[in-house]
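Peer 1: Provided below are the primary sequence and the corresponding predicted coordinates.
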Amino acid sequence: MAATVHSVFANIPHIKSTRTKALTRRHSRLNSVTCGQGIAEQTQRVTLRKGNDSLDICRVLNGMWQTSGGWGRIDRDDAVEAMLRYADAGLSTFDMADHYGPAEDLYGIFINRVRRERPSEFLDNIRGLTKWVPPPVKMTSSYVKESINVSRKRMDVASLDMLQFHWWDYSNPGYLDALKHLTDLKEEGKIKTLALTNFDTERLQIILENDIPVVSNQVQHSIVDMRPQQKMAELCQLTGVKLITYGTVMGGLLSEKFLDTNLSIPFAGPPLNTPSLQKYKRMVDAWGGWSLFQALLKTLKQVASKHGVSIPTVAVKYILDQPAVAGSMVGVRLGLAEHIQDSNAVFSLVLDEDDVNSIQEVSRKGKDLLKVIGDCGDEYRRV
């Protein structure tokens with residue numbers, strides 16, 4: 001085990017193998033992932049743990065970035081009704097952020113509808129995960145507390161189920177101050193579990209060495225972007241931190257809609273008319289281009305047809321089966337489009353060895369994005 005850890009961090013000068021060994025021993029005693037007792041629960045929900053902290057979530061999360069603008073006008077009442085339909089279908093974990101437009105406010109309205117209109121055992125399964133993305137100012141206790149109180153008020157909860165923390169500039173060590181203040185708020189009961197988003201492997205190591213009790217790190221991860229499996233997943237397996245993934249269906253690019261299309265010809269294919277489609281098209285270009293992506297879509301379609309499911313269902317299941325992955329995000333355009341059937345189909349899908357081999361054969365033809373872009377989250381910090 002020590003040799004394995006050393007190989008992961010051999011190119012990071014400040015990380016010593018003795019520190020990694022101690023960290024691994026400490027966290028191996030504190031972390032575990034467990035599922036419910038029934039077969040359905042084992043596939044649908046997973047429990048994230050760190051010490052005495054735990055939170056069970058649905059393994060397919062409803063991502064609410066799409067409420068922030070750019071995907072079509074969101075009607076408040078229609079959005080909340082859609083959230084109720086997702087929750088009624090068992091897709092009861094919602095992921096949002098302080099800067100996703102009205103996302104936290106919509107959750108607050110939704111959770112009050114649940115309290116009034118659904119039984120208490122239904123409410124027990126609802127989860128609201130949010131993110132805090134602060135500007136690079138001094139992280140005082142009062143500033144952190146005030147910021148978190150805003151999310152608690154908007155979401156209308158006494159305690160946030162999970163607070164996922166993002167930091168823009170690693171040269172500013174204030175992220176450790178912020179995380180220590182967030183840990184204090186967790187001890188006060190204002191946050192149930194503390195997590196990260198878009199942190200790289202090196203900084204995750206530093207955070208764990210400072211005894212910050214993070215249960216997960218939310219990162220970009222898809223069949224095209226396998227960077228989390230190259231460095232991050234190994235540290236996660238050694239310490240018990242889990243991965244929650246986004247971009248797993250690449251904003252909808254990994255779907256039948258884009259199969260057999262040629263985007264090099266103007267107006268010949270579906271328009272890239274959302275921020276997510278535009279973002280992940282750039283990722284396709286960095287990985288290998290549209291022709292190789294078409295080969296991947298054709299392979300995924302063959303696998304999907306074999307199992308009677310859709311391409312997005314296969315794409316999500318493939319990532320959920322990767323080491324250290326606890327859950328994967330599927331974006332929801334609340335009141336505009338729904339993917340409930342495809343999302344629930346993930347739980348009964350079993351990819352066999354032939355499926356995995358055929359997907360890997362195409363995926364590995366792409367460029368190594370760790371070399372092209374850098375580690376997890378580096379795409380947000382490149383000059």
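Peer 2: Done, it's in. Residues are numbered from 1 along each chain as shown.
Peer 1: from residue 96, how far out is residue 105?
Peer 2: 10 Å (Cβ to Cβ, to the nearest Å). In short, each C-beta sits where N, CA and C put it, glycine included.
Peer 1: tell me which of those two has more neighbours.
Peer 2: residue 96 (27 against 16; other Cβ atoms under 10 Å).
Peer 1: ok, that one - contacts?
Peer 2: 64, 67, 103-104, 107, 128-131 (Cβ atoms under 8 Å, 6 or more residues apart in numbering).
Peer 1: make it 6 Å
Peer 2: 64, 103-104, 130 (Cβ atoms under 6 Å, 6 or more residues apart in numbering).
Peer 1: now it: closest residue in space, sequence neighbours ignored.
Peer 2: residue 103 (3.7 Å; Cβ to Cβ, 6 or more residues apart in numbering).
Peer 1: how close does residue 318 sit to residue 90?
Peer 2: 21 Å.
Peer 1: higher neighbour count, the two?
Peer 2: residue 318 (25 against 18).
Peer 1: run through the strands of the stretch 151-300 of the chain in chain order.
Peer 2: 160-165, 191-197, 214-220, 242-246 (DSSP state E, counting those that start in this stretch).
Peer 1: tell me which of those is the most buried.
Peer 2: Ranked by mean neighbour count under mean count of other Cβ atoms under 10 Å, those are led by strand 214-220, which reaches a mean of 26.
Peer 1: walk me through which strands it pairs with, and which way each runs.
Peer 2: strand 191-197 (parallel), strand 242-246 (parallel) (DSSP bridges).
Peer 1: verify the stated contact: the residue nearest to residue 96 with residue 63.
Peer 2: No - contact criterion Cβ atoms under 6 Å: residue 103 and residue 63 do not qualify, at 9.6 Å.
Peer 1: so which residues make contact with whichever helix in the chain runs longest?
Peer 2: Ranked by residue count, the top helix of the chain under DSSP state H comes out as helix 290-307. Helix 290-307 has contacts (Cβ under 6 Å, 6+ apart) with 259, 263, 284, 310-311, 314, 349, 355, 358, 362, 365.
Peer 1: ok, residue 141 - how many residues close by?
Peer 2: So residue 141, with other Cβ under 10 Å, has 13 neighbours.
Peer 1: who's in contact with it?
Peer 2: Residue 141 neighbours (Cβ under 6 Å, 6+ apart): residue 181.
Peer 1: ok, it to residue 190 distance?
Peer 2: 12 Å.
Peer 1: then residue 237?
Peer 2: Here residue 237 is placed at a distance of 30 Å from residue 190 (Cβ to Cβ).
Peer 1: more neighbours: which of the two?
Peer 2: Set residue 237 next to residue 190 and count neighbours by other Cβ under 10 Å: residue 190 wins out with 19 against 16.
Peer 1: residues contacting the more buried one?
Peer 2: residue 159.
Peer 1: switch to 10 Å and redo it
Peer 2: Taking Cβ atoms under 10 Å, 6 or more residues apart in numbering, we find residue 190 in contact with 145, 148-149, 151-152, 157-160, 163, 182, 184.
Peer 1: so among these, which ones count as buried?
Peer 2: Buried subset of the contacts of residue 190 (neighbour count, 16 or more other Cβ atoms under 10 Å): 148, 151-152, 157, 160, 163, 182.
Peer 1: which members of these are the farthest-apart pair?
Peer 2: Spatial extent of those (Cβ to Cβ) is set by the pair 157 and 182 at 15.9 Å.
Peer 1: OK, contacts around residue 97?
Peer 2: So residue 97 contacts 63-65, 67-68, 103-104, 129-133, 151, 164, 166, 197 (Cβ under 10 Å, 6+ apart).
Peer 1: and what about it, helix, strand or coil?
Peer 2: coil (DSSP: H, G, I helix; E, B strand; the rest coil).
Peer 1: relative to residue 205, how far out is it?
Peer 2: Distance, residue 97 to residue 205, by Cβ to Cβ: 24 Å.
Peer 1: mind showing which ranges of the chain have poor pLDDT?
Peer 2: The model of the chain has pLDDT under 70 over residues 1-42, 383.
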